[in-house]
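**Student:** Here's my sequence, what's the structure:
(one chain, ligands or ions: 1)
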Amino acid sequence: NEGALWGARFASGPSPELARLSKSTHFDWQLAPYDLAGSRAHARALAAAGYLADDELATMLGGLDTLEARFVAGELVAADSDEDVHGALEAALIAEVGPEVGGKLRAGRSRNDQIATLVRLYLKDHAAVIGRDLVHLIDALAAQADAHRTAIMPGRTHLQHAQPVLLAHHLLAYGWALSRDLERLVDWLKRADVSPYGGGALAGSTLGLDVASVARDLGLAAPADNSLDGTASRDVVAEFAFITAMIGIDVSRLAEDVILWNTREFGFVTLDDGYSTGSSIMPQKKNPDIAELARGKSGRLIGNLSGLLATLKGLPLAYNRDLQEDKEPVFDSVETLEVLLPAFTGMIATLRFHTDRMAELAPAGYSLATDVADWLVKRHVPFRDAHEITGSLVRYAEERGLDLDAVDDAALAGISPLLTPDVREVLTIEGSVGSRTGHGGTAPERVAEQFAALADRVRHL
Ligand code: ARG
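**Tutor:** This is a model prediction of the structure:
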C-alpha cells in the first residue's frame with residue numbers, strides 16, 4: 001500500500017479483516033482541519049529547528065493549504081486504503097508536493113501525540129458551540145420567567161403539592177443549574193488547553209523542536225509537561241463527556257416538567273405547533289416529542305460517558321489502541337447536544353403558560369399550612385407546637401372537605417386559642433409567596449434580584 005504509514009518491517013500487508021477493524025477514517029475524517037493545522041505548526045517547528053529549508057517549508061505549507069481548500073470544497077476524501085485521517089493526509093500531501101518534501105513532515109511526531117492534540121482542538125471548538133447553545137437556553141428560560149413575573153404555581157416536593165412558588169422562580173432554577181454546566185465547560189478548558197504535540201509516540205522528541213511554539217500556533221495555552229501523560233491520558237475527553245451528560249440530565253429534568261405540565265391533568269402549558277408532533281393514527285394528538293427526545297437522549301449521553309470510562313479503566317501507560325475508542329462516543333455526545341439544544345430552546349421559548357390554572361391549583365393540597373405554622377412562630381409559639389396546631393387544623397379541614405381559609409372563627413379557636421381570625425392574612429397564595437423574603441426565596445422581590453444575578457453570572461463566565 002503506497003500511502004501506508006508503516007510496512008517495511010512486514011513481509012505482507014495487513015489482512016483485509018485487520019484493515020477493516022483498524023480503520024477509523026469514517027469517524028476521524030472530521031478531524032482533518034485540525035490535523036492540517038497541526039501539520040502546519042509542526043512544519044514550522046521543523047523549519048525553526050533546521051530540518052526544513054525555507055523553500056521546503058513554503059512548499060509544504062502551500063501543499064497543506066491546498067489540502068485544506070480541497071477538504072472545505074468536499075473534494076478531499078479518504079481512500080479506501082487509508083487507515084486513519086493522519087495517514088490519509090500524509091499520503092495526500094505527498095501526492096501534492098512530492099515525497100522529497102512531503103516525506104519530511106513525519107519527523108519528530110507520531111499519530112499518538114497528533115490524535116491526543118486533535119481531539120482537544122475539536123472539543124475546544126465544540127465547547128464554544130455548546131456553550132453558546134446553553135446561553136440561548138438560559139436566555140429563553142429567563143425570558144419566559146420575565147414574561148410571567150407574578151404567576152404563582154404549586155411548588156412540589158415528592159411530586160406532591162408543597163408550597164406555592166413563583167413560576168419565574170421555578171424557571172430560573174433551571175437557569176441556575178444550566179449556568180453551572182456552562183461554568184463546567186469554561187473550567188474544563190483550563191485542563192484541556194494543553195498541547196501533547198511533540199511528545200511523539202510516548203517518550204518525547206530527539207529533534208529539539210519548540211513544542212511551546214506548536215502549542216501557541218494551535219491556540220493551546222501550553223505544551224504537555226509529560227509526554228507519557230500527554231499522549232495517553234483521556235481524562236479531558238471523559239470530563240467533556242461528563243459535562244455533556246450533565247447537561248443532558250439537567251435538560252431531561254426540565255423536559256419531564258414540560259411533559260407533565262402538558263398533560264390534560266396538569267394543563268399548565270400548551271406547546272407551540274412548530275415544536276410538537278402529531279400521531280399517525282390519533283388525529284387529535286399533539287405530543288411533546290422534543291421533551292421526550294431530550295429525556296431519552298440523556299440516557300445516550302450517560303452511555304457515552306460510561307463507555308468511555310470503561311475503556312479507560314485499567315489501561316496501562318502509555319498509548320494503547322483502545323484509546324481510539326474515545327472518539328465515537330464523544331463525537332456522538334457533541335452531535336446529540338448540538339441538535340437537541342436548539343430544538344429544546346425553541347420549545348421553551350414558545351411555551352404558552354396557563355397561569356390561571358396554575359394559580360387555581362397553587363393552594364390545593366393545604367400547601368399554605370407551613371405559612372400558618374410560621375405565622376404562629378412569629379407570635380412566639382415554639383415551632384413544635386405550631387406544627388401540631390397546624391396539623392390539627394389541616395386534619396379538621398380535610399375531614400370536612402374545607403380549604404383552610406373556610407374554617408370559621410369558632411372552629412379555629414376550638415383547635416387552638418392561638419388561631420385568631422387574622423391568621424387568614426397568610427392564607428392566600430400571594431401572601432404566602434410574598435412572605436418568603438429570605439435570600440434565594442420565592443418572594444417577588446427576591447426573584448427579581450435573580451434575573452440580574454443570573455445574567456451577570458452567565459456574562460462573566
Ligand atoms: N487512530 C488512533 C487513535 O484514534 C491514532 C493512531 C495511533 N495508532 C497507532 N498505531 N499508534 O487513537
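**Student:** My read is that residue 336 contacts residue 302, right?
**Tutor:** No. Residue 336 lies out of contact with residue 302 (Cβ atoms under 8 Å); the separation is 11.3 Å. Where C-beta positions appear, they are placed from N, C-alpha and C, glycine not excepted.
**Student:** residues shared between the contacts of the two?
**Tutor:** Counting by Cβ atoms under 8 Å, 6 or more residues apart in numbering, the contacts common to residue 336 and residue 302 are residue 248.
**Student:** How is the protein partitioned into domains?
**Tutor:** Domains of the chain are assigned by automatic domain parsing as 16-107, 118-206+225-360, 364-453.
**Student:** Would you mind putting these into JSON lines with mean pLDDT, distance to the ligand and mean neighbour count alongside?
**Tutor:** Output for the domains of the chain, formatted as JSON lines (pLDDT from 0 to 100; distance: least, Cβ to the nearest ligand atom, whole Å; neighbours: other Cβ atoms under 10 Å):
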{"stretch": "domain 16-107", "mean pLDDT": "97", "distance to the ligand": "4", "mean neighbour count": "18"}
{"stretch": "domain 118-206+225-360", "mean pLDDT": "97", "distance to the ligand": "4", "mean neighbour count": "18"}
{"stretch": "domain 364-453", "mean pLDDT": "95", "distance to the ligand": "43", "mean neighbour count": "16"}
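**Student:** For residue 220, grab the count of nearby residues.
**Tutor:** Look at residue 220: counted by other Cβ atoms under 10 Å, it has 22 neighbours.
**Student:** do you know how far it is from residue 86?
**Tutor:** 18 Å (Cβ to Cβ, to the nearest Å).
**Student:** now swap in residue 65 and tell me
**Tutor:** Separation of residue 65 from residue 86 (Cβ to Cβ): 18 Å.
**Student:** just residue 251 next, same as before
**Tutor:** 35 Å.
**Student:** What does the pLDDT read for the residue in the stretch 351-461 of the chain that the ligand sits nearest to?
**Tutor:** Going by Cβ to the nearest ligand atom, the ligand is nearest to residue 461 of the stretch 351-461 of the chain, at 31.1 Å. pLDDT recorded at residue 461 is 89.
**Student:** max-length helix in the protein?
**Tutor:** Longest helix of the chain, by residue count under DSSP state H: helix 111-147.
**Student:** any idea how far it is from the chain center?
**Tutor:** With Cα atoms, centre = their mean, to the nearest Å as the basis, helix 111-147 stands 7 Å off its chain's centre.
**Student:** again with stretch 326-335
**Tutor:** With Cα atoms, centre = their mean, you get 13 Å for stretch 326-335.
**Student:** Can you show me the helices along the stretch 101-250 of the chain?
**Tutor:** All helices of the stretch 101-250 of the chain, identified by DSSP state H, counting those that start in this stretch, fall at 111-147, 167-192, 211-217, 227-232, 235-261.
**Student:** Of all the ones you listed, which one comes closest to residue 366?
**Tutor:** For residue 366, the closest of the helices of the stretch 101-250 of the chain is helix 167-192, at 19.9 Å, according to Cβ to Cβ.
**Student:** and the angle for the closest one with helix 235-261?
**Tutor:** 170 degrees (axes from the mean of the first three to the mean of the last three Cα atoms, to 10 degrees).
**Student:** So which other helices or strands are in contact with helix 167-192?
**Tutor:** Applying 3 or more Cβ pairs under 8 Å, 6 or more residues apart in numbering; DSSP states H and E, we find helix 167-192 packed against helix 111-147, strand 152-157, helix 235-261, helix 444-460.
**Student:** Starting from the shortest one, tell me which strands it pairs with and how they run.
**Tutor:** Read that as strand 152-157. strand 160-166 (antiparallel) (DSSP bridges).
**Student:** Check the offset of the strand it pairs with from the chain's centre.
**Tutor:** 29 Å.
**Student:** Over to stretch 36-43?
**Tutor:** 30 Å.
**Student:** and it, C-alpha only, in PDB?
**Tutor:** Taking C-alpha atoms only, stretch 36-43 is exported to PDB below (Å, rounded to 0.1, in the frame of the first residue of the first chain):
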ATOM      1  CA  LEU A  36      -3.800  20.100   8.900                       C
ATOM      2  CA  ALA A  37      -3.400  22.900  11.500                       C
ATOM      3  CA  GLY A  38      -1.200  20.500  13.500                       C
ATOM      4  CA  SER A  39       0.900  19.800  10.400                       C
ATOM      5  CA  ARG A  40       1.400  23.500   9.700                       C
ATOM      6  CA  ALA A  41       2.500  24.200  13.200                       C
ATOM      7  CA  HIS A  42       4.800  21.100  13.200                       C
ATOM      8  CA  ALA A  43       6.300  22.100   9.800                       C
END
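**Student:** what sits against the closest residue to residue 224 other than its chain neighbours?
**Tutor:** Nearest residue to residue 224, sequence neighbours excluded (Cβ to Cβ, 6 or more residues apart in numbering): residue 230, at 2.9 Å. Neighbouring residues of residue 230 by Cβ under 8 Å, 6+ apart: 113, 116, 194-196, 199, 223-224.
**Student:** Equivalent analysis for residue 64, please.
**Tutor:** 36, 39-40, 43, 93.
**Student:** and with 7 Å instead?
**Tutor:** 36, 39-40, 93 (Cβ atoms under 7 Å, 6 or more residues apart in numbering).
**Student:** got it, and residue 254?
**Tutor:** By Cβ under 7 Å, 6+ apart, the neighbours of residue 254 are residue 174.
**Student:** cool, and residue 28?
**Tutor:** Per Cβ under 7 Å, 6+ apart, neighbours of residue 28: 84-85, 327.
**Student:** does residue 404 really touch residue 366, like I thought?
**Tutor:** Yes. In this structure residue 404 lies within contact range of residue 366 using Cβ atoms under 7 Å: 6.3 Å.
**Student:** Would you pull up how far stretch 148-161 lies from the middle of the chain?
**Tutor:** Worked out by Cα atoms, centre = their mean, stretch 148-161 lies 26 Å from the chain centre.
**Student:** Which stretches in the stretch 351-461 of the chain count as strands?
**Tutor:** 352-353 (DSSP state E, counting those that start in this stretch).
**Student:** which residues touch stretch 275-285?
**Tutor:** 286-290, 346-347, 350.
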